[in-house]
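1. with the sequence up front, the predicted model follows.
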Amino acid sequence: MDYYAFYTGQCFDAYTWLGAHLEGERAVFRTFAPAAAGVVLLHGGRELPMERVHDGNFFEVWAEDVRPGDCYQYRIYRPDGGYTDHCDPYGYGMELRPGRCSVVRDLGEHTFEDGAWMASRTDRRQEPLHIYELHLGSWRRKPDGGWYRYDELAWPLIEYVKECGYNYVEFLPLSEHPCDESWGYQITGFYAPTSRYGTAKELMLLIDRLHQAGIGVILDFVPAHFAVDDYGLARYDGQALYEYPHRDVEVSEWGSHNFIHSRGEVRSFLQSCARYWLEVFHFDGLRMDAISRILYWQGEEARGVNGDGVRFLREMNRGLKHLCPGCILTAEDSTNFPKVTAPPEYGGLGFDYKWDMGWMHDTLSYFQTPPEERLGRGHQLTFSMHYFPQERYLLPLSHDEVVHGKATILQKMHGDYNGKFPQARALYLYMMTHPGKKLNFMGNELGHFREWDEKREQDWLLLDFPIHQAFFRYIKELNHLYLTRPALSRWDYQGEGFAWLGCQKPETGLFAYQRQCDGERLAVLLNLSDQARSCQLPAPDSVELLLHTDWRRFGGSTPEGAAGKPLGGLLNVSLPPYSGQLFRM
């Protein structure tokens, strides 16, 4: 490790020197604790004093009889004689709660066999990117209610993802966290895969198998804040080290500590951690949580831009794109901060994609509105096209939209039980044909009615009901169309890839647009009102109806059939209430 780079926030490999590293049956333990009066390693009932090394800010000890799976902690003494036992900030493993110890891991135990995937992966900018977001602990549970191991989930997950038509999965945070209800966003062990689902080796095996099946893997990464538990990063060396020393910005809105990104050592900790997950575990990308809290003080634009936070994101992304070719970096950011997806050399932050939170809120609000009130709110579905060229957006219907009294996606649709399904089918046709990459949270594809609960698996029994099975069939066919039709993804971020069609009338709930690329042209018609609509569409002699949301096999009432032959260059289309059609022109 380059010490100068570490102190100046330019280090991306701090985990290769700090932490616990095995050499045969002994190991070296190192930690950074500049304000500590002394540090002792606690291992196997032993207390081994650690020596100051380098400039005196680091502590090190070599210990005999150390094996993978051993637990350890650092007892860090303050100048007043008191001490706190901490887990290792750079530890590769941790005990399951309520345990607090770090665990020695040998990261070389698994040999990856995904070389072909790693050599050819891209950021998917001109390719389909459809992400299945899931929480590993509640996607499926064992019959006794226990968690499956990482490797046990590999084959069921692969089969399901391929059947459903997703090409990437995104896991909610997998770094060790003490509270199940935090979903992994309140972290104590940033480098430690949570032991809820097994070991580092078993996680590597899961990723390896997903890659060999042609499925990419993204990790939710948390660079803004950390858990307040005293055995974690909080006041690690007896003083504020990873957090701000100032009370007004020390704690986030979630009650966690904010990282102080002005410290080079903290920047090196975080960007080394990001590289660690990408390089050591072969994750294909990172979805970075709560970016607004890094860009602005406390996430509030009125408080002003946090210049150190901006520089941290820009330089971290620059380094990761250089060190990990083909990786995908996505920002969860709801602000209007400019150039989030522009390259750093042009003053941008260097993300590949930005979550389009405005699209998500406007779209769901529209579908929650009673039909008679929608007629004056068509702008909620057309507005995104005015700002969409400004960034490379990703359209998310994520975990945040199906919890805490918000209702599930299907529940949000206006009307009674049976009336929600046709609207949800139309919603997803709109989403999958709108420019931008896609993300859908687990359970949405089933027509889930119960809000997500991290303590329970998904309600798979819904597929025993014909109306849910039909909805599931629809989502699968729509997803596979998205993956196989280049016009729906190749020119996502080129203006000529999208155009409104003249027959649309948003004031009546009728929307019409086209997607195209390299000679392929698709037309989308949506009737989002409670009345039947019709329109004429200029069309060539040959037209193919690829999908109708109201087909009977999807739970609708329209028999399947051809699109009809255009007359005089015009195709007459009839649209039942709450329906949509996708044509190849």
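-> The structure has been received and is ready for your questions. Numbering: from 1, shown residues only.
2. from now on I want contacts and neighbour counts done on CA atoms only, so please keep to that.
-> OK.
3. got phi/psi on Phe59?
-> Listed backbone geometry of Phe59 is phi -120, psi 140, with angles given as degrees, to the nearest 10.
4. surely it meets Ala35?
-> No - between Phe59 and Ala35 there is no contact under CA atoms under 8 Å: 11.3 Å.
5. more neighbours, those two?
-> A count of neighbours by other CA atoms under 10 Å puts Phe59 above the other of Phe59 and Ala35, at 24 against 19.
6. give me every residue that touches His261.
-> Applying CA atoms under 8 Å, 6 or more residues apart in numbering to His261 gives the contacts Arg267, Asp308, Gly309, Phe312.
7. repeat the analysis, applying 6 Å as the threshold.
-> By CA atoms under 6 Å, 6 or more residues apart in numbering, the contact set of His261 is Arg267, Asp308, Gly309.
8. neighbours of the last one, just the number please.
-> A count of neighbours around Gly309, defined by other CA under 10 Å, yields 22.
9. that one touches Tyr296, doesn't it?
-> No - counting by CA atoms under 6 Å, Gly309 stays clear of Tyr296, with 7.9 Å between them.
10. distance of the closest residue to Gly91 other than its chain neighbours relative to Glu300?
-> Leaving aside its chain neighbours, Gly91 sits nearest to Gly19 (5.4 Å; criterion: CA to CA, 6 or more residues apart in numbering). Noted for Gly19: a distance of 35 Å to Glu300, by CA to CA, to the nearest Å.
11. more neighbours, the two?
-> Comparing Gly19 with Glu300 by other CA under 10 Å, the one with more neighbours is Gly19, at 22 against 14.
12. tell me the confidence at the closest residue to Pro338 other than its chain neighbours?
-> Once flanking residues are discounted, Pro338 sits nearest to Gly348: 7.6 Å by CA to CA, 6+ apart. Note on Gly348: pLDDT of 97.
13. pull out the buried positions in the longest helix seen in the chain.
-> Criterion DSSP state H: the longest helix present in the chain is helix 466-484. For helix 466-484, the neighbour count (16 or more other CA atoms under 10 Å) marks 467-483 as buried.
14. next: stretch 261-269.
-> Buried residues in stretch 261-269, defined by neighbour count with 16+ other CA under 10 Å: His261, Ser262, Arg263, Gly264, Glu265, Val266, Arg267, Ser268, Phe269.
15. number of nearby residues for the nearest residue to the fifth one once chain neighbours are set aside?
-> It refers to Glu265. The shortest distance from Glu265 to any non-neighbouring residue, by CA to CA, 6+ apart, is to Tyr7 (5.1 Å). Counted with other CA under 10 Å, the neighbours of Tyr7 add up to 15.
16. next: Ala27.
-> Neighbour tally, Ala27, other CA under 10 Å: 20.
17. hang on, it in a strand?
-> Yes - secondary structure of Ala27 (DSSP: H, G, I helix; E, B strand; the rest coil): part of a strand.
18. touching, it and Val61? I think so.
-> No - using CA under 6 Å, Ala27 is not in contact with Val61; the gap is 8.4 Å.
19. list the buried residues in stretch 374-394.
-> Buried residues in stretch 374-394, counting neighbours by 16+ other CA under 10 Å, are found at 374-375, 377-378, 380-381, 384-385, 388, 391-394.
20. that should have said stretch 409-425, apologies.
-> For stretch 409-425, by 16+ other CA under 10 Å, it's 409-415, 420-425.
21. show me the two of those residues that sit farthest apart.
-> Maximum pairwise distance among the buried residues of stretch 409-425 (CA to CA): 14.1 Å, between Gly415 and Arg425.
22. distance of Gly238 relative to Leu41?
-> From Gly238 to Leu41 the distance is 16 Å (CA to CA).
23. the more surrounded of these two?
-> Under the criterion of other CA under 10 Å, the comparison of Gly238 against Leu41 puts Leu41 first, with 24 against 20.
24. helix/strand/coil for that one?
-> Going by three-state DSSP: Leu41 is strand.
25. surely it meets Glu51?
-> No - checked against CA under 6 Å, the pair Leu41 and Glu51 is beyond contact range at 10.4 Å.
26. on the strand side of things, show who the residue nearest to Gly91 bridges to.
-> Beta-bridge pairing of Gly19 under DSSP bridges involves Arg30.
27. tell me the pLDDT at it?
-> If you check Gly19, the pLDDT there is 98.
28. state the distance from it to Arg30.
-> Separation of Gly19 from Arg30 (CA to CA) stands at 5 Å.
29. contact partners for Leu439?
-> By CA under 6 Å, 6+ apart, the contact list for Leu439 reads His130, Ile131, Pro396.
30. my bad, should have said Tyr197
-> For Tyr197, the contact set (CA under 6 Å, 6+ apart) comprises Arg149, Tyr150.
31. got it, and the one 5 residues further on?
-> Under the criterion of CA under 6 Å, 6+ apart, the neighbours of Glu202 are Tyr150, Asp151.
32. likewise for Arg425?
-> Counting by CA under 6 Å, 6+ apart, Arg425 makes contact with Thr549.
33. do that again at 10 Å, thanks
-> With contact set as CA atoms under 10 Å, 6 or more residues apart in numbering, Arg425 has these partners: 410, 431, 447, 471, 474-475, 478, 548-550, 554-556, 578-580.
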